[in-house]
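K.L.:
Compute the structure for the input listed below.
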Amino acid sequence: MEKAYLSQPLRPFVLLTSVSVRYSEILAAVKFKDVTIAFSRCPPSQFERPESIARRGLRPHPLGYSAVKVRVTGRDPYSAGDRALENLDLLRGLWNLYLNFGRWRISSGESRKCVNEIVPGPIHTIHVPNGKAATDEYWFEPEFDARVNGVALENNYLKVKKFESWARKQLQLCPYGMRIEKLIIRYTRALDERNLTNAFLRIWSLLEELTATQMLNHKLTVRRAARLFQNHEYAQLVLNNLRSFRNRIVHESHETDQAEGLLYEAKSYVETMLRFLLKYHRTFSSLEELGKFLDLPINRDALRTGLRYRRFALELDTGEDPS
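P.N.:
Okay, here's the model as predicted:
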(Lines give C-alpha, C1' and ligand atoms only; values in the text may rest on other atoms or scores of the structure.)
Protein backbone atom coordinates (compact mmCIF):
# COMPACT_ATOMS: atom_id res chain seq x y z
CA MET A 1 0.00 0.00 0.00
CA GLU A 2 2.86 2.36 0.80
CA LYS A 3 4.51 1.53 -2.51
CA ALA A 4 1.25 2.13 -4.38
CA TYR A 5 0.75 5.46 -2.63
CA LEU A 6 4.28 6.70 -3.33
CA SER A 7 3.98 5.71 -6.98
CA GLN A 8 1.14 8.19 -7.46
CA PRO A 9 2.17 11.45 -9.19
CA LEU A 10 2.02 14.78 -7.37
CA ARG A 11 -1.03 16.80 -8.38
CA PRO A 12 -2.04 20.42 -7.72
CA PHE A 13 -4.70 21.17 -5.11
CA VAL A 14 -6.09 24.30 -3.48
CA LEU A 15 -7.19 24.48 0.16
CA LEU A 16 -9.94 27.07 0.71
CA THR A 17 -10.29 28.44 4.22
CA SER A 18 -10.25 31.71 6.19
CA VAL A 19 -8.29 33.47 8.93
CA SER A 20 -9.22 36.12 11.50
CA VAL A 21 -7.63 39.02 9.62
CA ARG A 22 -9.77 41.78 8.15
CA TYR A 23 -9.16 41.88 4.44
CA SER A 24 -7.08 44.71 3.02
CA GLU A 25 -5.37 45.11 -0.33
CA ILE A 26 -2.04 45.27 1.46
CA LEU A 27 -2.30 41.55 2.28
CA ALA A 28 0.24 40.22 -0.18
CA ALA A 29 0.48 36.58 -1.25
CA VAL A 30 3.09 34.52 0.59
CA LYS A 31 5.20 31.73 -0.88
CA PHE A 32 6.82 28.93 1.14
CA LYS A 33 8.95 27.00 -1.37
CA ASP A 34 6.29 25.50 -3.69
CA VAL A 35 3.31 26.52 -1.52
CA THR A 36 1.45 29.79 -2.21
CA ILE A 37 -0.93 31.44 0.26
CA ALA A 38 -3.20 34.16 -1.13
CA PHE A 39 -5.86 36.33 0.55
CA SER A 40 -9.15 37.77 -0.70
CA ARG A 41 -12.17 39.52 0.75
CA CYS A 42 -14.58 36.67 -0.06
CA PRO A 43 -14.22 33.04 -1.17
CA PRO A 44 -13.86 32.86 -4.99
CA SER A 45 -17.25 32.24 -6.61
CA GLN A 46 -15.95 29.44 -8.82
CA PHE A 47 -14.95 27.36 -5.79
CA GLU A 48 -17.82 25.04 -4.96
CA ARG A 49 -18.34 23.83 -1.41
CA PRO A 50 -18.82 20.11 -0.77
CA GLU A 51 -22.45 19.08 -0.46
CA SER A 52 -21.81 17.81 3.06
CA ILE A 53 -21.32 21.43 4.23
CA ALA A 54 -24.61 22.57 2.72
CA ARG A 55 -26.45 19.59 4.22
CA ARG A 56 -25.23 20.51 7.69
CA GLY A 57 -26.01 24.21 7.21
CA LEU A 58 -22.44 25.24 8.09
CA ARG A 59 -21.09 28.76 7.52
CA PRO A 60 -17.46 28.34 6.43
CA HIS A 61 -16.60 32.06 6.16
CA PRO A 62 -17.12 34.18 9.32
CA LEU A 63 -17.88 37.86 8.97
CA GLY A 64 -14.75 40.01 9.15
CA TYR A 65 -12.37 37.16 8.20
CA SER A 66 -10.24 37.05 5.05
CA ALA A 67 -10.68 34.16 2.65
CA VAL A 68 -7.48 32.19 2.05
CA LYS A 69 -6.38 29.97 -0.82
CA VAL A 70 -3.40 27.70 -0.22
CA ARG A 71 -1.98 26.17 -3.40
CA VAL A 72 -0.06 22.93 -2.82
CA THR A 73 0.81 19.66 -4.49
CA GLY A 74 -0.01 16.24 -3.12
CA ARG A 75 -0.65 12.64 -4.07
CA ASP A 76 -4.23 12.80 -2.82
CA PRO A 77 -6.60 15.45 -1.41
CA TYR A 78 -5.98 14.46 2.21
CA SER A 79 -2.18 14.69 2.23
CA ALA A 80 -2.45 17.93 0.22
CA GLY A 81 -4.91 19.34 2.76
CA ASP A 82 -2.69 18.45 5.71
CA ARG A 83 0.33 20.03 4.01
CA ALA A 84 -1.63 23.18 3.20
CA LEU A 85 -2.80 23.56 6.80
CA GLU A 86 0.74 23.08 8.11
CA ASN A 87 2.06 25.85 5.86
CA LEU A 88 -0.80 28.17 6.78
CA ASP A 89 -0.19 27.48 10.47
CA LEU A 90 3.52 28.23 10.01
CA LEU A 91 2.60 31.63 8.58
CA ARG A 92 0.08 32.20 11.37
CA GLY A 93 2.71 31.09 13.86
CA LEU A 94 5.21 33.69 12.68
CA TRP A 95 2.60 36.45 12.69
CA ASN A 96 1.29 35.46 16.12
CA LEU A 97 4.82 35.15 17.49
CA TYR A 98 5.36 38.79 16.60
CA LEU A 99 1.94 40.00 17.79
CA ASN A 100 1.88 37.95 21.03
CA PHE A 101 5.41 38.80 22.19
CA GLY A 102 5.32 40.80 25.42
CA ARG A 103 1.51 40.90 25.40
CA TRP A 104 -0.50 40.04 28.53
CA ARG A 105 -4.20 39.81 29.24
CA ILE A 106 -6.25 39.53 32.42
CA SER A 107 -9.88 38.54 31.87
CA SER A 108 -12.54 39.13 34.50
CA GLY A 109 -15.91 37.47 34.66
CA GLU A 110 -16.19 36.49 31.02
CA SER A 111 -15.45 33.14 29.48
CA ARG A 112 -11.84 33.41 28.45
CA LYS A 113 -10.87 33.48 24.78
CA CYS A 114 -7.80 31.93 23.22
CA VAL A 115 -4.53 33.89 23.23
CA ASN A 116 -3.97 34.16 19.47
CA GLU A 117 -5.36 37.09 17.54
CA ILE A 118 -4.93 35.31 14.20
CA VAL A 119 -6.85 32.04 14.26
CA PRO A 120 -8.12 29.77 11.48
CA GLY A 121 -11.72 29.85 10.33
CA PRO A 122 -14.07 26.98 11.22
CA ILE A 123 -14.04 25.04 7.92
CA HIS A 124 -11.34 24.03 5.42
CA THR A 125 -12.11 22.42 2.06
CA ILE A 126 -9.82 20.98 -0.60
CA HIS A 127 -10.30 21.59 -4.33
CA VAL A 128 -8.73 20.98 -7.71
CA PRO A 129 -7.37 24.16 -9.36
CA ASN A 130 -10.57 24.92 -11.31
CA GLY A 131 -12.51 25.16 -8.04
CA LYS A 132 -14.32 21.84 -8.08
CA ALA A 133 -14.38 20.07 -4.71
CA ALA A 134 -11.76 17.31 -4.64
CA THR A 135 -13.73 15.37 -2.01
CA ASP A 136 -17.05 15.67 -0.20
CA GLU A 137 -15.19 15.65 3.12
CA TYR A 138 -13.81 18.71 4.91
CA TRP A 139 -11.63 19.72 7.84
CA PHE A 140 -13.09 21.63 10.78
CA GLU A 141 -11.64 23.48 13.77
CA PRO A 142 -13.02 22.08 17.04
CA GLU A 143 -11.47 25.03 18.92
CA PHE A 144 -13.06 27.70 16.71
CA ASP A 145 -14.41 30.56 18.81
CA ALA A 146 -16.87 32.89 17.06
CA ARG A 147 -16.01 35.62 19.59
CA VAL A 148 -12.58 36.10 17.98
CA ASN A 149 -13.06 38.99 15.59
CA GLY A 150 -10.99 39.72 12.52
CA VAL A 151 -7.93 41.77 13.48
CA ALA A 152 -6.93 44.82 11.43
CA LEU A 153 -3.27 44.49 10.52
CA GLU A 154 -2.85 47.77 8.63
CA ASN A 155 -0.98 49.58 11.44
CA ASN A 156 1.34 46.65 12.21
CA TYR A 157 1.52 45.02 8.78
CA LEU A 158 4.96 46.28 7.74
CA LYS A 159 6.46 45.27 11.10
CA VAL A 160 4.75 41.86 10.96
CA LYS A 161 6.01 41.27 7.41
CA LYS A 162 9.53 42.40 8.33
CA PHE A 163 9.62 39.89 11.21
CA GLU A 164 8.13 37.15 9.01
CA SER A 165 10.70 37.78 6.25
CA TRP A 166 13.59 37.75 8.73
CA ALA A 167 12.35 34.59 10.47
CA ARG A 168 11.78 32.73 7.19
CA LYS A 169 15.33 33.59 6.10
CA GLN A 170 16.70 32.22 9.38
CA LEU A 171 14.65 29.03 8.98
CA GLN A 172 16.05 28.50 5.47
CA LEU A 173 19.63 28.98 6.67
CA CYS A 174 19.27 26.73 9.72
CA PRO A 175 20.22 23.04 9.16
CA TYR A 176 17.48 22.03 11.61
CA GLY A 177 15.05 24.68 10.35
CA MET A 178 12.29 22.13 9.72
CA ARG A 179 12.36 21.19 13.40
CA ILE A 180 11.99 24.83 14.41
CA GLU A 181 9.11 25.17 11.94
CA LYS A 182 7.33 22.30 13.70
CA LEU A 183 7.85 24.06 17.04
CA ILE A 184 6.38 27.30 15.69
CA ILE A 185 3.36 25.39 14.35
CA ARG A 186 2.92 23.71 17.76
CA TYR A 187 3.21 27.13 19.42
CA THR A 188 0.41 28.71 17.40
CA ARG A 189 -1.85 25.66 17.61
CA ALA A 190 -1.44 25.57 21.39
CA LEU A 191 -2.50 29.21 21.66
CA ASP A 192 -5.58 28.55 19.50
CA GLU A 193 -6.97 26.53 22.42
CA ARG A 194 -10.02 27.93 24.19
CA ASN A 195 -9.30 25.68 27.20
CA LEU A 196 -6.43 27.67 28.70
CA THR A 197 -5.38 24.81 30.99
CA ASN A 198 -4.81 22.59 27.96
CA ALA A 199 -3.03 25.45 26.22
CA PHE A 200 -0.74 25.83 29.26
CA LEU A 201 0.17 22.12 29.21
CA ARG A 202 0.94 22.26 25.49
CA ILE A 203 3.12 25.36 25.94
CA TRP A 204 5.00 23.70 28.82
CA SER A 205 5.61 20.66 26.60
CA LEU A 206 7.05 23.03 24.00
CA LEU A 207 9.36 24.52 26.63
CA GLU A 208 10.62 21.01 27.42
CA GLU A 209 11.56 20.43 23.77
CA LEU A 210 13.17 23.84 23.38
CA THR A 211 15.39 23.07 26.38
CA ALA A 212 15.99 19.47 25.20
CA THR A 213 14.63 18.10 28.49
CA GLN A 214 11.64 16.04 27.28
CA MET A 215 12.90 12.87 28.96
CA LEU A 216 14.80 14.59 31.77
CA ASN A 217 13.98 16.16 35.13
CA HIS A 218 11.70 19.22 35.03
CA LYS A 219 14.11 20.96 37.40
CA LEU A 220 16.55 20.96 34.50
CA THR A 221 13.84 22.45 32.28
CA VAL A 222 13.52 25.31 34.76
CA ARG A 223 17.26 25.89 35.07
CA ARG A 224 17.85 25.89 31.32
CA ALA A 225 14.84 28.08 30.50
CA ALA A 226 15.91 30.66 33.10
CA ARG A 227 19.46 30.86 31.71
CA LEU A 228 18.58 33.39 28.97
CA PHE A 229 17.18 35.97 31.39
CA GLN A 230 19.26 38.62 33.11
CA ASN A 231 17.36 38.20 36.39
CA HIS A 232 17.64 34.43 36.22
CA GLU A 233 16.91 33.90 39.93
CA TYR A 234 13.51 35.54 39.53
CA ALA A 235 12.94 33.57 36.31
CA GLN A 236 13.67 30.35 38.19
CA LEU A 237 11.10 31.26 40.87
CA VAL A 238 8.44 31.89 38.22
CA LEU A 239 9.29 28.74 36.28
CA ASN A 240 9.29 26.60 39.42
CA ASN A 241 5.81 27.90 40.19
CA LEU A 242 4.72 26.97 36.65
CA ARG A 243 6.33 23.54 37.04
CA SER A 244 4.43 22.97 40.28
CA PHE A 245 1.11 23.83 38.68
CA ARG A 246 1.94 21.68 35.66
CA ASN A 247 2.55 18.67 37.91
CA ARG A 248 -0.67 19.24 39.87
CA ILE A 249 -2.69 19.49 36.66
CA VAL A 250 -1.15 16.33 35.19
CA HIS A 251 -0.95 14.13 38.29
CA GLU A 252 -3.91 15.37 40.33
CA SER A 253 -6.27 16.62 37.56
CA HIS A 254 -6.05 19.95 39.34
CA GLU A 255 -8.29 22.71 37.94
CA THR A 256 -7.33 26.32 38.52
CA ASP A 257 -8.86 29.70 37.78
CA GLN A 258 -5.29 30.98 37.41
CA ALA A 259 -4.82 29.20 34.06
CA GLU A 260 -4.81 32.43 32.08
CA GLY A 261 -2.02 34.02 34.12
CA LEU A 262 0.00 30.79 34.12
CA LEU A 263 -0.38 30.47 30.36
CA TYR A 264 0.78 34.03 29.70
CA GLU A 265 3.80 33.54 31.95
CA ALA A 266 4.73 30.24 30.28
CA LYS A 267 4.28 31.58 26.75
CA SER A 268 6.63 34.50 27.50
CA TYR A 269 9.48 32.03 28.13
CA VAL A 270 8.65 29.98 25.02
CA GLU A 271 8.48 33.11 22.85
CA THR A 272 11.81 34.36 24.15
CA MET A 273 13.45 30.99 23.43
CA LEU A 274 11.95 30.74 19.93
CA ARG A 275 13.19 34.22 19.02
CA PHE A 276 16.61 33.48 20.56
CA LEU A 277 16.83 30.27 18.54
CA LEU A 278 15.89 32.05 15.31
CA LYS A 279 18.55 34.71 15.93
CA TYR A 280 21.42 32.49 17.11
CA HIS A 281 20.72 29.17 15.36
CA ARG A 282 24.15 29.26 13.67
CA THR A 283 25.83 28.99 17.07
CA PHE A 284 24.25 25.60 17.78
CA SER A 285 24.16 22.49 15.62
CA SER A 286 20.94 21.24 17.23
CA LEU A 287 18.51 21.83 20.08
CA GLU A 288 20.57 19.39 22.13
CA GLU A 289 23.62 21.65 21.65
CA LEU A 290 21.52 24.61 22.78
CA GLY A 291 20.66 22.60 25.88
CA LYS A 292 24.38 22.15 26.66
CA PHE A 293 24.89 25.90 26.29
CA LEU A 294 22.02 26.55 28.71
CA ASP A 295 23.80 24.32 31.25
CA LEU A 296 26.74 26.75 31.43
CA PRO A 297 27.09 28.62 34.74
CA ILE A 298 25.67 32.12 35.07
CA ASN A 299 28.57 33.49 37.11
CA ARG A 300 31.21 35.22 34.96
CA ASP A 301 34.10 34.09 37.14
CA ALA A 302 32.94 30.47 36.79
CA LEU A 303 32.71 30.92 33.00
CA ARG A 304 36.25 32.36 32.86
CA THR A 305 37.57 29.52 35.01
CA GLY A 306 35.90 26.94 32.78
CA LEU A 307 37.31 28.65 29.68
CA ARG A 308 40.81 28.68 31.19
CA TYR A 309 40.60 24.95 31.97
CA ARG A 310 39.42 24.16 28.45
CA ARG A 311 42.27 26.14 26.91
CA PHE A 312 44.71 24.32 29.17
CA ALA A 313 43.19 20.98 28.15
CA LEU A 314 43.68 21.90 24.48
CA GLU A 315 47.32 22.77 25.13
CA LEU A 316 47.86 19.39 26.81
CA ASP A 317 46.17 17.53 23.96
CA THR A 318 49.46 16.87 22.17
CA GLY A 319 49.61 13.11 22.60
CA GLU A 320 52.74 13.44 24.78
CA ASP A 321 53.23 12.07 28.28
CA PRO A 322 52.61 15.08 30.61
CA SER A 323 55.31 13.75 32.99
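K.L.:
okay, CA-based contacts and neighbour counts for the rest of this
P.N.:
Fine.
K.L.:
what residues are up against the residue nearest the centre of the chain?
P.N.:
Among the residues of the chain, the one closest to the centroid is I184, at 2.5 Å (Cα atoms, centre = their mean). By Cα atoms under 8 Å, 6 or more residues apart in numbering, the contact set of I184 is L90, G93, L94, L274.
K.L.:
List the buried residues of the top helix by length along the chain.
P.N.:
For the chain, the longest helix by residue count, based on DSSP state H, is helix 77-100. By neighbour count on 16 or more other Cα atoms under 10 Å, the buried set for helix 77-100 is 77-78, 80-100.
K.L.:
Lowest average confidence across helices and strands of the chain, where is it?
P.N.:
Averaged element by element with mean pLDDT, DSSP states H and E, the chain has its least confident helix or strand at helix 300-316 (a mean of 76).
K.L.:
Can you classify I126 by secondary structure?
P.N.:
Following DSSP: H, G, I helix; E, B strand; the rest coil, we place I126 in the strand state.
K.L.:
swap that for P129, sorry
P.N.:
coil.
K.L.:
my guess is E271 meets L99, correct?
P.N.:
No - with contact defined as Cα atoms under 8 Å, E271 does not reach L99; the gap is 10.8 Å.
K.L.:
now the helices: where do they sit in the stretch 151-300 of the chain?
P.N.:
Applying DSSP state H, counting those that start in this stretch to the stretch 151-300 of the chain gives helices spanning 157-173, 177-190, 196-210, 218-226, 232-252, 259-280, 287-294, 300-316.
K.L.:
So which bits of stretch 260-278 are buried?
P.N.:
For stretch 260-278, the buried set under the neighbour-count rule, 16+ other Cα under 10 Å, comprises 260-274, 277-278.
K.L.:
pLDDT below threshold where in the stretch 1-150 of the chain?
P.N.:
Applying pLDDT under 70 to the stretch 1-150 of the chain flags residues 108-111.
K.L.:
hmm, try it at 90
P.N.:
Residues of the stretch 1-150 of the chain meeting the criterion pLDDT under 90: 1-8, 32-33, 49-61, 102-113, 142-148.
K.L.:
now do the stretch 151-300 of the chain
P.N.:
Residue ranges of the stretch 151-300 of the chain with pLDDT under 90: 154-155, 214-218, 230-232, 245, 247-259, 295-300.
K.L.:
got a list of what the closest residue to I118 other than its chain neighbours touches?
P.N.:
Among residues not flanking I118 along the chain, S20 sits closest, at 5.1 Å (Cα to Cα, 6 or more residues apart in numbering). Contacts were defined as Cα under 8 Å, 6+ apart; by that measure S20 touches G64, Y65, S66, E117, I118, V119, P120, G121, V148, N149, G150, V151.
K.L.:
Also L210?
P.N.:
L210 touches V270, M273, L274, L287, G291, counting by Cα under 8 Å, 6+ apart.
K.L.:
Please apply the same query to V128.
P.N.:
Here V128 is in contact with P12, F13, V14, A134 (criterion: Cα under 8 Å, 6+ apart).
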